[in-house]
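predicted model and sequence below, questions to follow.
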Amino acid sequence: MKRVIYAFVLASVLMSCGKSVQKEAERYLEAARVDLENGQYASAKLRIDSLKVKCPKAFDARKAAIRLMQDIETAEQLRSISYQDSVMVLLQQQFEQIRSRYRYEKDEQYMDMGLFTIASQAVDDNIGRNYLRAQVDEKGKMSLISNFSASAHIHHKSIRVTSGETYLDSPVSDDVYEFKDLDICYEKCNFTAGLDGGVAQFIAMNSSSPIVVTLKGERSVEYSMTSQDRKAIAQLYELSLLLNSINECNEVRAEAERKLEFIQNNRQKSDAALAQ
C-alpha cells in the first residue's frame, strides 16, 4: 500500500514539474514573440536560447521555438533588404548628381568592367607630360598611374607626394611598363585597385594646396602637380568612395537574399517532415 501511495505521489510531482517547465517555456516563447513584433530581434533570439538551456524537456515549446526562430531570422533579412534599398536610393541620387564630371570608358571586347576618368587627364592629350593619372572602376577601385618621359630612363617604381611639411611615400610597385620611341623614354608605374598606400587620399585631402611629386628610381625626379590634376584626382577619389559604398550595399543586400532563401528552404523541409 505504501508503495502505491509513493508511486502516486511521485507521478503527481513529476506531472507538476512538467507543467511548471512547460509554463516557463511558454513564457519565454511569448516574450520572444513580443520582441519579434517590436523589432527586437537580438532580444528575441536570446529568449529562445534561454528556453533551450533552461527548459530542455519542454519538447512542444522547443518545436514552436524553431518555427519562431525562423520567423525572427526572416524578419531580420527582410529588414536588412529594406534598409539597403533605402540607402541605395540615396547613393544613386548622389551618383547622378556628380556623374557628369566623369568620362566612362569600356571596350566590350576587351574589358570586363568599365572605367571612370576625367577628360583633362586623357592619355592622348597628355603625351610627353610627367603627371599622375587616375581612374576608378565600376566597383569603386581606384588606380593611379605615374607617367614619366625624358631622354633617359630613371626606372621609377614608387613615388612621394609632398604638401608643405607633410609627405607620403607609396609602396614599391611591381607593375611597371617602360618603352622607348623616337629617342624618348617612357615609363608608367601603376598602383592598381587602391594599392597606392594612401597617395590618392593624401592628394584629395590636400587638393587645394601645392603638391610636389617625387619619382623614386635610380635617380629622383620632382615636379609640381597642376591644380587641374589635383582636382581630377580629388574628384575621382570622391567617386571611388561613393562607388565602394554602392558596391558594399549591393553585396550586403545579396547576402541577405541568400540567407532568406536558405531560411525558406529549411522551413519547407521542416514542414514536409512534420507532414509525414
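All right, it came through fine. Residues are numbered from 1 along each chain as shown.

next, the buried residues of stretch 126-134.
Of the residues in stretch 126-134, those with enough neighbours to count as buried (16 or more other C-beta atoms under 10 Å) are 130-134. Where C-beta positions appear, they are placed from N, C-alpha and C, glycine not excepted.

closest to I48 out of those?
Using C-beta to C-beta, A134 is the member of the buried residues of stretch 126-134 that sits closest to I48, with 51.0 Å.

surely the closest one is in a strand?
Yes: following the definition DSSP: H, G, I helix; E, B strand; the rest coil, A134 is counted among the residues of a strand.

report the contact partners of it.
Contact partners of A134, counting by C-beta atoms under 8 Å, 6 or more residues apart in numbering, are 117-118, 121, 142-145, 200, 232-233, 236-237.

check those residues and tell me the two furthest apart.
I145 and Y237 (14.5 Å).

do a quick rundown of the helices in the protein.
Read by DSSP state H, the chain holds these helices, from start to end of the chain: 2-37, 41-54, 59-98, 199-205, 227-275.

from G140, how far out is the residue nearest the centre of the chain?
Central residue of the chain (C-alpha atoms, centre = their mean): E248, 3.5 Å from the mean position. From E248 over to G140 the distance is 9 Å, taken as C-beta to C-beta, to the nearest Å.

go on, F116?
From F116 over to G140 the distance is 10 Å, taken as C-beta to C-beta.

those two: who's more crowded?
For F116 and G140, the more surrounded residue by other C-beta atoms under 10 Å is F116, and the numbers stand at 22 against 19.

how many other residues sit next to V136?
Each residue near V136 was counted by other C-beta under 10 Å, and the total is 27.

and it, what does it touch?
When contacts are counted by C-beta under 8 Å, 6+ apart, V136 touches 115-117, 142-143, 236, 239-240, 243.

show me how to select, in ChimeraX, the buried members of the residues you listed.
Remark: buried members of the contacts of V136, expressed as a ChimeraX selection using 16+ other C-beta under 10 Å:
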select :115,116,117,142,143,236,239,240,243
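
can I get the contacts of V136 in CSV with pLDDT?
As requested, those are arranged in CSV below (pLDDT from 0 to 100):
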residue, pLDDT
L115, 94
F116, 96
T117, 96
M142, 95
S143, 95
L236, 97
L239, 97
S240, 96
L243, 96
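
including distance to D174, could the contacts of V136 go into CSV?
Putting the contacts of V136 into CSV (distance: C-beta to C-beta, whole Å) gives the following:
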residue, distance to D174
L115, 21
F116, 25
T117, 23
M142, 18
S143, 14
L236, 23
L239, 26
S240, 22
L243, 25
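
closest one of the contacts of V136 to Q97?
L239 (11.4 Å).

which residues does the residue lying closest to that closest one once chain neighbours are set aside bridge with?
Residue nearest to L239 in three dimensions, not counting chain neighbours: V136, with 5.2 Å by C-beta to C-beta, 6 or more residues apart in numbering. In this entry, V136 is beta-bridged to F116, M142, by DSSP bridges.

mind checking how far V136 is from L91?
From V136 over to L91 the distance is 15 Å, taken as C-beta to C-beta.

one more: E257?
Summarising the geometry, the distance separating E257 from L91, computed by C-beta to C-beta, is 18 Å.

likewise for E238?
E238 sits 13 Å away from L91 when distances are taken as C-beta to C-beta.

more neighbours, these two?
L91 (18 against 15).

was I right about that one contacting N247?
No: with contact defined as C-beta atoms under 8 Å, L91 and N247 do not form a contacting pair (9.9 Å).

in contact with the residue lying closest to A152 once chain neighbours are set aside, which residues are there?
Using C-beta to C-beta, 6+ apart and skipping the chain neighbours, the partner closest in space to A152 is C185 (5.8 Å). When contacts are counted by C-beta under 8 Å, 6+ apart, C185 touches 149-153, 178-179.

6 Å instead?
The contact partners of C185, by C-beta atoms under 6 Å, 6 or more residues apart in numbering, come to 150, 152-153.
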